[in-house]
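J.: the sequence isn't on hand, but the structure is:
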């Protein structure tokens, strides 16, 4: 009797895990479609965020439910945590480059509030940088280094349309 | 009750197939992507789907030997794409 | 996490939290180490302790943000809202991806500037990270001096959607500030004074 109920529990956990995996995989599939169908790099990045975050999390949860007896389950927890920490960094780096370069179709932007604000805090992309971290180094000294836009609007709040 | 585990295994196999299809779609973007950043994003997604595939495979076989591989790839993939972004910066900017 | 270099205009506050606060990253690193090995044994804990201390000596962290511990209730609420955001916008971006398959004008987006109420860089970093994790919004620029973040919002094609995103960020920020145990009004000036 107890063995039977334990089997039932195992099958239930397997079933829940499988459902999580199926959801994650479907999300990943739709994300891949979005990667093909969306118009520019920045839009595609939104699709790319899904398999990296929710898709992988769901699959990892499902996998952990399947492998529940193994000590490696904790490693799966770590995979999820690492992903949550690292995905925004990559997204930020790529998104920033895409907006500065030709990764965004400006004609598809309803409003672009970054264009009319000059980048004073940061050396431009073409300049060699003095130090290592290139992801978030907004405190680099220097005021008027990047003069893409001639008329600075001050530090006030840039209002959109 | 005997049919359900087999059904679950079959579903997992279907999931692997779907992941394969997704990976093919991503490879299309990887090959076509007009800019380096497109390829970078596609590569990131490909890594994520590879990780998903490994976890699903581990769940299917009940063999957790691949799990450390998943940890390693999730870290190396991050380092790789961030490093590549640094070089893309000077390549495709105006 | 990339903030290894000390910030020039803001001097590091003196050791206000004491030894206990400085032990927090050590505990986290030891936890990660033990999880990596999968089994809890004293050998693992001691090994993790050594690794954590070496890592923190070689790569010292910036001073710990805030003076208080996390507030459990507000933290839970933040996490819950984040998970809800994650689910809702994942489905939304999935729908937008599929709709983009149909012939017609491609989807329009916006780059929205949002000025944060809090001057804390930690709150900003957390908000940027969480916004980037949620599909549908990617932060492409963050400027702590101006307390402004610039985010690309997929499908924001009218003033209403832009305003909705601003509200979303404001709610997120309020949540974060509450979870970190600092009222928003006191956040700005008290940041400078240790």
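T.: That came in fine, so what should we check first? Computed from a prediction, not measured in an experiment: that's the story for all the values here. Residues are numbered from 1 along each chain as shown, chains lettered A, B, ... in the order given.
J.: secondary structure class for the most centrally placed residue in chain B?
T.: Geometric centre of chain B, nearest residue: residue B:49, 2.1 Å, by CA atoms, centre = their mean. Classification of residue B:49 using DSSP: H, G, I helix; E, B strand; the rest coil returns helix.
J.: for residue C:30, see how far away it is.
T.: 32 Å (CB to CB, to the nearest Å). Every residue, glycine included, has its C-beta placed from N, CA and C.
J.: one more: residue C:139?
T.: 31 Å.
J.: just the element for the closest residue in space to residue C:39 that isn't next to it in sequence, please.
T.: Among residues not flanking residue C:39 along the chain, residue A:71 sits closest, at 5.5 Å (CB to CB, 6 or more residues apart in numbering or on different chains). When elements are assigned from DSSP states H and E, residue A:71 belongs to no helix and no strand.
J.: so which helix or strand takes in the residue of chain A found nearest chain C?
T.: Per CB to the nearest CB, residue A:34 is where chain A lies closest to chain C, at 2.7 Å. Assigned by DSSP H and E, residue A:34 belongs to helix A:2-37.
J.: that helix packs against which elements?
T.: Where contact means 3 or more CB pairs under 8 Å, 6 or more residues apart in numbering or on different chains; DSSP states H and E, helix A:2-37 is packed against helix A:41-50, helix A:56-66, helix B:3-32, helix B:36-61, helix C:72-99.
J.: of those helices, which stretch is the most buried?
T.: helix A:41-50 (a mean of 30; mean count of other CB atoms under 10 Å in any protein chain shown).
J.: can you give me the pLDDT of the residue of chain A closest to chain C?
T.: For residue A:34, the pLDDT comes out at 86.
J.: which ones are touching it?
T.: A:44, A:46-47, A:50, C:93-94, C:96-98, C:100 (CB atoms under 8 Å, 6 or more residues apart in numbering or on different chains).
J.: any idea which of those residues is closest to residue C:36?
T.: residue A:50 (26.7 Å; CB to CB).
J.: still on that earlier bit, neighbour-wise, which of residue C:139 and residue C:30 wins?
T.: Per other CB atoms under 10 Å in any protein chain shown, whichever of residue C:139 and residue C:30 has more neighbours is residue C:139, with 24 against 21.
J.: just name the shakiest helix or strand of chain A by mean pLDDT.
T.: strand A:109-112 (a mean of 71; mean pLDDT, DSSP states H and E).
J.: what about that strand, near chain B?
T.: No - on the criterion CB under 8 Å from any CB of the partner chain, strand A:109-112 is out of touch with chain B, staying 15.7 Å away.
J.: domains for chain C, by residue range?
T.: C:1-64, C:72-190 (automatic domain parsing).
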